[in-house]
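Chemist: coords please:
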Amino acid sequence: SYEVSPHSSLSVALSHQGKNYEAAITEFSDYTVDMINAHYSYTISESTKLQAVVTRSKVATPDGAFGFIGVSTLSQTDNYQLGLEYQLAENMNISALYGKRDTQQDIEINGSLLTTETSQGSVYNIAVAKTLVRGTLKLQATRDYSPSGNGVVYETDTVNLNAQYMLTQRHGLSLDIAYLDRQPSSTSFASIGRKY
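Modeler: Prediction:
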């Protein structure tokens, strides 16, 4: 992270994840995820910040994609978002990011390119948080994308409500309600969407 000026900052994150099932190829297969994320924030006033986020990720399934030996996939996604964070009151904060996603997926069989598919979609992250006298309340709606063990990159809509309340210094109550809708970013696999 780097403070560009008294009003602005830039942070960059690199990540690598490798998932190895250590088992024969079934409907799940090993994959790797490489990602670079850049986040820029500019403070307009004490209550308002502008934000910009750029993310580039690569998901590779070297063998066993979709449960088939010799089938490999490579998905590359670019994600651009703009938004703001605003302090509505002393105890209430709202943040909103919105942008677009571009994904390209290559499918190979035994090293030969079978097909290339492209897809586009929107991404967002909207959150409202309120601090109570003895607890917190947060409502958040997001759309993001993530890989799965069957070689498909999913676009996921999530709505989450979280409430925490302290009864005493040692005892508290917590409530978490979530709705999740997962759809594959590629139209070729529309039959494997999920809702929870």
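Chemist: use CA for all of it now, contacts and neighbours both
Modeler: Fine.
Chemist: pull out the buried positions in stretch 30-42.
Modeler: 30-33, 35, 38-42 (16 or more other Cα atoms under 10 Å).
Chemist: okay, and which of those map to strands?
Modeler: Among the buried residues of stretch 30-42, DSSP state E puts 31-33, 35, 38-42 in strands.
Chemist: so the residue in the chain sticking out farthest from the centre: helix, strand or coil?
Modeler: Taking Cα atoms, centre = their mean, the residue of the chain most remote from its mean C-alpha position is Thr168, at 35.4 Å. Classification of Thr168 using DSSP: H, G, I helix; E, B strand; the rest coil returns coil.
Chemist: and the ones in strands among the buried residues of stretch 30-42 as a markdown table, adding pLDDT and distance to Tyr2?
Modeler: Listed next are these as a markdown table, based on pLDDT from 0 to 100; distance: Cα to Cα, whole Å:
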| residue | pLDDT | distance to Tyr2 |
| --- | --- | --- |
| Tyr31 | 88 | 32 |
| Thr32 | 91 | 28 |
| Val33 | 90 | 25 |
| Met35 | 94 | 19 |
| Ala38 | 97 | 11 |
| His39 | 96 | 11 |
| Tyr40 | 97 | 10 |
| Ser41 | 96 | 11 |
| Tyr42 | 96 | 12 |
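Chemist: list the contacts for the one residue sitting closest to the centre of the chain?
Modeler: Centroid-nearest residue in the chain, with Cα atoms, centre = their mean: Asp144, separated by 3.8 Å. Residues near Asp144 by Cα atoms under 8 Å, 6 or more residues apart in numbering: 123-124, 155-157.
Chemist: who is it paired with across the strands?
Modeler: Taking DSSP bridges, one finds Thr156 as the beta-bridge partners of Asp144.
Chemist: show me what the lowest-mean-pLDDT helix or strand in the chain is packed up against.
Modeler: Within the chain, no helix or strand scores below strand 194-195, which has a mean of 75 by mean pLDDT, DSSP states H and E. Applying 3 or more Cα pairs under 8 Å, 6 or more residues apart in numbering; DSSP states H and E, one finds that strand 194-195 contacts strand 172-184.
Chemist: who does the strand it packs on pair up with?
Modeler: Counting by DSSP bridges, strand 172-184 is paired with strand 153-166 (antiparallel), strand 194-195 (antiparallel).
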